[in-house]
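Student: how would this look folded up:
(one chain, ligands or ions: 1)
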Amino acid sequence: MAEPNRLKNRLVPLELYNLTRRNNCGEWGRQTCLAFAAQVIVGKADIDACPLLDTAQIHELRERLDEQIRSGIGVSRESFEKTMEFLREEIRKLNFSMIAESLGAQITELGGQPALIFPYFGDPVLVTRSDIEKEKGGGLSPWEKIWISNYVLGGAAQPSGS
Ligand code: SF4
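Tutor: Numbering: from 1, shown residues only. Predicted coordinates for the structure are as follows:
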């Protein structure tokens, strides 16, 4: 059973991305701030690698990241299934009708289950209570599924307006 606080305190790529300068300066060794955020969350880059993050922030974020890593959430490819199991469980609790509008999604049905459908880089995705897939078939990488799950779970919160 998932612990609500773990989800609440979980550091997600977009949150980290929003703390970067978003200038894609490349000083961390690769090109974009978004890639930096995604890589840090899955344990593939160190949060210290960005020289432009605030030191006090790094300290606080590192504590949260360490906890996630200990829980096995979003750490490595091996923990993907564990992460998705956790995220699916959270998605199952959502009322799709209530969050569809804030996600820019429409409600549809897939295999007798309610599903959300929304644009994704010109190739719409379907989110059911048990999986995420492209409308036209074809694969989504593990990281894309995690990313999309985070987007859906974020839609369950009050929009921040940013
Ligand atoms: S070093 Fe920081 S600001 Fe520069 S691209 Fe990386 S994350 Fe963005």
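Student: Any idea how far apart the tips of stretch 129-139 sit?
Tutor: Taking C-alpha to C-alpha, to the nearest Å, the first and last residues of stretch 129-139 lie 18 Å apart.
Student: gap between it and the chain center?
Tutor: Relative to its parent chain, stretch 129-139 has a centroid offset of 16 Å by C-alpha atoms, centre = their mean, to the nearest Å.
Student: Which positions in it come out as buried?
Tutor: Using 16 or more other C-beta atoms under 10 Å as the burial criterion, the residues of stretch 129-139 that qualify are 131-133, 135. Heads up, the C-betas are built off the backbone N, CA and C, glycines and all.
Student: now residue 43: how far from residue 150?
Tutor: 16 Å (C-beta to C-beta, to the nearest Å).
Student: for residue 124, same thing?
Tutor: Counting by C-beta to C-beta, the gap from residue 124 to residue 150 is 18 Å.
Student: Between the two, which is the more surrounded one?
Tutor: Set residue 124 next to residue 150 and count neighbours by other C-beta atoms under 10 Å: residue 150 wins out with 19 against 15.
Student: nearest spatial neighbour of that one, skipping sequence neighbours?
Tutor: residue 12 (4.7 Å; C-beta to C-beta, 6 or more residues apart in numbering).
Student: Which pLDDT does the model give the one you found?
Tutor: Model confidence at residue 12, given as pLDDT, is 78.
Student: for the protein, what spans make up the helices?
Tutor: Taking DSSP state H to define them, one finds helices in the chain at 4-9, 13-19, 33-41, 55-71, 80-92, 96-103, 142-155.
Student: Which stretch among the ones you listed is buried most, on average?
Tutor: helix 33-41 (a mean of 22; mean count of other C-beta atoms under 10 Å).
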